[in-house]
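In: Task: produce atomic coordinates for the following.
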Amino acid sequence: MASVPSKMPLQRLFGDYQIGTFYDEMFSAPDVPRPHYAKIFEKLAAMNPAQFEERRQHADLSFLLQGITFTVYSDGRGTERLFPFDLIPRIIPNSEWQRIDRGLAQRVVALNLFLQDVYGKQRIFADRQIPRSLVYSCRHFLREVIGIEVPRGIHTHICGIDLVRDSKTGEFYVLEDNVRTPSGISYVLENRLVMMRTFPDAFQQYEVLPVNHYPAELARILRSLSPRGGNDAQIVLLTPGIYNSAYFEHSFLAQQMGIELVEGRDLIVDGGIVYMKTIHGLQRVDVIYRRMDDEFLDSLTFRPDSVLGVPGLMGAYRAGNVALANAVGNGVADDKAIYAYVPTFIRYYLGEDPILRSVETYLCSKKEDLAYVLDHLPELVVKAVGESGGYGMLMGPTADRERIEDFKERIKADPRNYIAQHVLPLSCVPSYDAARGTFAGRHVDLRPYCLYDGEKVTIVPGGLTRVALQEGSLVVNSSQGGGSKDTWVLFGDD
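Out: Here you go, the predicted structure:
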């Protein structure tokens, strides 16, 4: 283990740094870095603001030249922006990561079994483990999918599960599950490349587990789903198009996996088979990695006004002539009310206790929970069950009276649409405050990416650390002013 002086002088960039009352990922006490942060702390503390700013500008230029952007729909302009990137890495010792890895794998398998069951025999209803009415009232539960046997029984090929570290205990909690079309892995891969260019000497001091195997592993899983066998599988990535907020990621992943990037208009269904239009004629498609929501996939089955998908696609899917990843109907497992039952799924399907804890959740569809939530709104975080990206949410402790009253009426009008949780004091990582030219603690979460082939779960070491760059904010979503950090999982513990 690295030798850590009991007190190391803070210089320049760390001159005004305050740990505060939150769990600080870098410091165990004022001026005292944790053992696994000691080497990077020494390097950063020795730099002056001008030196650090030069490296930060190089990183921004690298993102700009690579076209790494995202779109915020809510600003009314639909303009693309650079994804904010903070150069101070988030470091996780291997012993901590091993527990996270086991807990995530357990959760992915349990969610897959739930989706198999809820669209199959529905044993979980017969055994009264979850109310049938709660599942059936989920707007992402698709009756059209009941009875479809998905290839190899895999629904959750790609999962992004959001974790937060509680400041009181230092323990990681699962905040929510993303098993529809989770995004962000491209930022994980690009963040790592930018960090290796910007701080190459830091990687010589640390043994950091790699992340660049993700595209190859995903391509392997997609090939294994082909109804015609994996050797000659034709795989495509289906995107809504260039105006989608994650279009950079779509094109990036297609390029990395060596597969075609297509839009709905590039595909056609004929005789229950999906074909891609090419200059050489129609070419059969076996596997579609789709990056659009269920409702837009097929205008003959779902939204008749959708021009993004492929008419007849669900017929080919039901016939087993094409595989879709992720499976259609997964949104029921993303519902924030269903989230409260995932520990039950783990015990019911696996006969195990959850390795990672979930956040205590109040379901407004329950009479007693509703009464509590309405009486304690200023203390709670309220979330709409089907929203993401930080939308449809009330942060009670920072909301004004008018907004609280507005949410109270919304909840009363549609209690099934809302859940509530106590505010979890998220941990902090030092982040660069450009206005002050110093480091300051900012709240973070973590989204690891999990790939499931039906037998084992492969998890990219680390994942996407999202950071709330605005002082005091707990909302890390890029659409709400958040950014990201490179996440280093160490080969050892320092």
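
In: strands paired with the host helix or strand of residue 451, and their directions?
Out: Under the criterion of DSSP states H and E, residue 451 resides in strand 449-452. Its sheet considered, strand 449-452 pairs with strand 158-165 (antiparallel), strand 457-459 (antiparallel) by DSSP bridges.

In: looking only at pLDDT, what's the mean for the last one?
Out: When the per-residue pLDDT values of strand 457-459 are averaged, the result is 97.

In: Low-confidence ranges, this protein, go.
Out: Residues of the chain meeting the criterion pLDDT under 70: 1-11, 69-81, 230, 388-390, 478-481.

In: try it again with 50
Out: 1-11, 73-74 (pLDDT under 50).

In: residues in contact with residue 289?
Out: 218, 222, 235, 236, 237, 238, 253, 259, 325 (C-beta atoms under 8 Å, 6 or more residues apart in numbering). Every C-beta, even on glycine, is put in place using the N, C-alpha and C of the backbone.

In: which residues does it form a beta bridge with?
Out: residue 237, residue 325.

In: Equivalent analysis for residue 275, please.
Out: Where residue 275 sits in a bridge, its partners, by DSSP bridges, are residue 268, residue 284.

In: Same question for residue 466.
Out: So, taking DSSP bridges as the rule, residue 466 has residue 445, residue 484 as bridge partners.

In: the residue most distant from the middle of the protein, which is it?
Out: residue 280 (38.4 Å; C-alpha atoms, centre = their mean).

In: so residue 254 sits in a helix?
Out: Yes - under DSSP: H, G, I helix; E, B strand; the rest coil, residue 254 sits within a helix.

In: Next, find the distance separating it from residue 93.
Out: 35 Å (C-beta to C-beta, to the nearest Å).

In: Compare these two and say which one has the larger neighbour count.
Out: Taking neighbours as other C-beta atoms under 10 Å, residue 254 and residue 93 compare with residue 254 leading, 21 against 18.

In: Now for the most centrally placed residue in the chain: which residues touch it?
Out: For the chain, the residue sitting closest to the mean C-alpha position, by C-alpha atoms, centre = their mean, is residue 160 at 3.8 Å. Listed by C-beta under 8 Å, 6+ apart, the contact partners of residue 160 are 178, 182, 183, 184, 185, 447, 448, 449, 450, 463, 464.

In: Over to residue 433?
Out: 439, 440, 471.

In: export the residues you listed to CSV and tack on distance to residue 171 and secondary structure?
Out: Shown next, in CSV, are the contacts of residue 433 (distance: C-beta to C-beta, whole Å; DSSP: H, G, I helix; E, B strand; the rest coil):
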residue, distance to residue 171, secondary structure
439, 25, strand
440, 24, strand
471, 25, coil
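
In: Any of those buried? List them.
Out: For the contacts of residue 433, a neighbour count by 16 or more other C-beta atoms under 10 Å gives the buried set as 439, 440.

In: which among the contacts of residue 433 gets closest to residue 122?
Out: Among those, residue 471 lies closest to residue 122 (C-beta to C-beta), at 48.2 Å.

In: wouldn't that closest one be in contact with residue 440 here?
Out: Yes - Residue 471 sits in contact with residue 440 when judged by C-beta atoms under 8 Å, with a separation of 6.9 Å.

In: And stretch 391-411, end to end?
Out: 15 Å (C-alpha to C-alpha, to the nearest Å).

In: Check which residues of that stretch are buried.
Out: So, applying 16+ other C-beta under 10 Å, buried residues of stretch 391-411: 392, 393, 394, 396, 399, 407, 410, 411.

In: Got the phi and psi for the closest residue to the first one other than its chain neighbours?
Out: On the basis of C-beta to C-beta, 6 or more residues apart in numbering, the spatially nearest residue to residue 392 that is not a chain neighbour turns out to be residue 384, at 3.3 Å. When read as degrees, to the nearest 10, the backbone of residue 384 gives phi -70, psi 130.

In: for residue 384, what are its contacts?
Out: 336, 391, 392, 393, 417, 418.

In: Can you give me the distance of the residue farthest from the centre of the chain to residue 269?
Out: From residue 280 to residue 269 the distance is 19 Å (C-beta to C-beta).

In: Report how many residues lie close to residue 422.
Out: Using other C-beta under 10 Å as the criterion, the residues surrounding residue 422 number 15.

In: what about the closest residue to it other than its chain neighbours, how many residues close to it?
Out: Nearest residue to residue 422, sequence neighbours excluded (C-beta to C-beta, 6+ apart): residue 380, at 6.2 Å. Residue 380 has 23 neighbours, counted by other C-beta under 10 Å.

In: can you give me the strands for the stretch 51-200 of the chain?
Out: 69-71, 80-82, 85-92, 158-165, 172-178 (DSSP state E, counting those that start in this stretch).

In: Just checking the distance from the fourth one to the centre of its chain.
Out: Distance of strand 158-165 from its chain centroid, counting by C-alpha atoms, centre = their mean, to the nearest Å, is 5 Å.

In: returning to that earlier point: can you tell me which of the strands paired with strand 449-452 is packed in deepest?
Out: strand 158-165 (a mean of 23; mean count of other C-beta atoms under 10 Å).

In: Measure how it sits relative to strand 85-92, angle-wise.
Out: Orientation note: strand 158-165 sits at an angle of 80 degrees relative to strand 85-92 (axes from the mean of the first three to the mean of the last three C-alpha atoms, to 10 degrees).

In: Alpha carbons only: can I get strand 158-165 in CSV?
Out: Provided in CSV are the C-alpha atoms of strand 158-165 (Å, rounded to 0.1, in the frame of the first residue of the first chain):
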residue,chain,number,x,y,z
ILE,A,158,-27.2,-4.1,-22.4
CYS,A,159,-27.9,-2.5,-19.1
GLY,A,160,-26.9,0.8,-17.5
ILE,A,161,-27.5,0.7,-13.8
ASP,A,162,-27.1,4.0,-11.9
LEU,A,163,-25.3,3.8,-8.5
VAL,A,164,-24.7,6.5,-5.9
ARG,A,165,-22.5,6.4,-2.8
